[in-house]
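Participant: A structural model of the following input is requested.
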Amino acid sequence: MWSADFRWFFGATVAGQLADRFVFLALPLVAIVWLDADEFAVGVLTAMTTAGSLLIGLPAGAWLDRRRKRPVMIAADLIRAALLLLVPLAWWAGGLSIWLLYAVALGHGLLTVLFDVGYASYLPVLVGREHLVEGNAKIAAARSAVSISGPGLAGPLVGVLGAPLTVVASSAGMLLSASGLVRIRRPEPQPTAETSHHLLREVGEGLRFVLGHPLLRPMLLTEGLFSLFLVTYQTMLLVFLARAADLGATGIGVVLSLMACGGLVGALIARRVAGWIGPGPAVWLPPLVTAPAAALMPAVAIDERWLVPGVAGLMLMSLGGVVRLVAQAGLQQSVTPDGLLGRMNATVRFVQWGTMPLAGLLGGALGTTWGAPAVLVLGACGMTVASLPALFSPLRVTRTMPAATSPSTDPTAAADRT
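Facilitator: Next up, the predicted model:
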């Protein structure tokens, strides 16, 4: 499992995720602190960051199913690195504006769609299907570890250098990610899936496969709802921590790092949880139990002594969410044939990330009208009920990892065998 190629892939993941963590904290803080943006403008910035999935999410999967994924991922890293440098350059030249942030966020998001769809489709090629659960767990652990260290590093860096210059570190992380991917030596076979070379037809094939599968369909619904309310919550979380909780950049970084500690624990125990209760229940049970704890954070606006329970609630929410993602990723990759992996991942990402622009705008609009604390309560409630589509589906009793089914195979039969 820990081959040289996987180590390079793992290192590239760490560098890229660290860069993303810096972007996640630095861009909104540029808007909030340096440009004094209001809640709605922050929501629009979130929407721009994730709008790429709506614009190219579905065709990206069909396009990637026709070609090798690693070169696309390398190119996306390099272009993102160059794009991010526009923010510190504009700040240095005195031309920084919210519109530039919108443009950079949109461009970065479009390239991230191509990278992430290729990334999820490339892992089965690199580690083999027999190591998917282990590979996903190791990658999730790396992502969670970086989520811990990233804000902890970014917060003080923002405090010392300022958010615009912190974006330079994000650009460097993208370059390191590309460097790691370049060093992988394992040949990636040219896709041999039968394709019609009609993009819309291929997109339709992917949609029909995912929506017609008794396990993929409820996961898709749960993912869409959870993402909608999670991003609504996250959109106002930074505003809440900066203004209602009166935390500076370093304090916000510490809170986000502690929150990510829950995700790291979730990644470390995900395989055991899935083995204990089954991969299907691991999709719906952990977030159903842990998401309500996210409602503790808004109480800090009433009494600052709620900060510690509020952070503990964020950690629990993150733990349950990562367990779900690890189990879900393994199931999705396991039941999907190689020739449809790109389209399956693109369809899932389209729903997962396609709800995020709406969630960003919704969080910003509701935050302007109701205030950030009320939006956090709404988000916690929504994340809790998001598990219901998976709960009331065959995932409730899916105790073992099913095999891949071709589009012509009846997926219900495969689900029944679990």
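
Participant: can you map out the helices along the stretch 251-400 of the chain?
Facilitator: Taking DSSP state H, counting those that start in this stretch as the test, the helices found in the stretch 251-400 of the chain are 281-290, 307-335, 341-370, 372-385, 388-391.

Participant: Tell me which of the ones you listed lies nearest to residue 300.
Facilitator: helix 307-335 (5.1 Å; C-beta to C-beta). Glycine gets a C-beta too; all of them are placed from N, C-alpha and C.

Participant: For residue 122, which non-adjacent residue is closest in space?
Facilitator: residue 69 (4.2 Å; C-beta to C-beta, 6 or more residues apart in numbering).

Participant: Please report how far that neighbour lies from residue 112.
Facilitator: Using C-beta to C-beta, to the nearest Å, we find residue 69 at a distance of 14 Å from residue 112.

Participant: How about residue 134?
Facilitator: Counting by C-beta to C-beta, the gap from residue 134 to residue 112 is 25 Å.

Participant: neighbour-wise, which of those two wins?
Facilitator: Neighbour comparison, residue 134 and residue 112: the larger count goes to residue 112, with 23 against 13 (by other C-beta atoms under 10 Å).

Participant: Hmm, that one is touching residue 79, no?
Facilitator: No. With contact defined as C-beta atoms under 8 Å, residue 112 does not count as touching residue 79 (10.6 Å).

Participant: So which of the helices of the stretch 251-400 of the chain is nearest residue 61?
Facilitator: Checking the helices of the stretch 251-400 of the chain against residue 61 by C-beta to C-beta gives helix 341-370 as the closest, at 2.3 Å.

Participant: Show me what counts as buried in the closest one.
Facilitator: 341-368 (16 or more other C-beta atoms under 10 Å).

Participant: what's the average pLDDT for it?
Facilitator: Throughout helix 341-370, pLDDT has a mean value of 82.

Participant: Show me what that helix packs onto, helices and strands only.
Facilitator: Helix 341-370 makes packing contacts with helix 39-50, helix 52-64, helix 98-127, helix 199-212, helix 216-239, helix 307-335, helix 372-385 when contacts are defined by 3 or more C-beta pairs under 8 Å, 6 or more residues apart in numbering; DSSP states H and E.

Participant: Check which residues of the third one are buried.
Facilitator: The one in question is helix 98-127. Here helix 98-127 shows 98, 100-102, 104-127 as buried, counting by 16+ other C-beta under 10 Å.

Participant: ditto for the fourth one
Facilitator: Applying a neighbour-count criterion of 16+ other C-beta under 10 Å, one finds 202, 203, 205, 206, 207, 209, 210 buried in helix 199-212.

Participant: Pipe the residues you listed into TSV and attach distance to residue 234 and pLDDT per row.
Facilitator: What follows is those, written out as TSV (distance: C-beta to C-beta, whole Å; pLDDT from 0 to 100):
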residue	distance to residue 234	pLDDT
202	33	72
203	29	73
205	33	79
206	28	79
207	28	84
209	30	89
210	26	88
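
Participant: Please identify which two of the residues you listed are farthest apart in space.
Facilitator: The largest separation in the buried residues of helix 199-212, counting by C-beta to C-beta, is between 202 and 210 at 13.1 Å.

Participant: Could you tell me which residues touch both of the two?
Facilitator: Residues touching both residue 202 and residue 210 by C-beta atoms under 8 Å, 6 or more residues apart in numbering: residue 343.

Participant: For the residue lying closest to residue 220 once chain neighbours are set aside, give me its contacts.
Facilitator: Leaving aside its chain neighbours, residue 220 sits nearest to residue 351 (5.3 Å; criterion: C-beta to C-beta, 6+ apart). Residues in contact with residue 351 (C-beta under 8 Å, 6+ apart) are 220, 223, 224, 227.

Participant: do you know how far the first one is from residue 226?
Facilitator: The one in question is residue 220. The separation that residue 220 has from residue 226, given C-beta to C-beta, amounts to 11 Å.

Participant: what do you get for residue 62?
Facilitator: Residue 62 sits at a distance of 25 Å from residue 226 (criterion: C-beta to C-beta).
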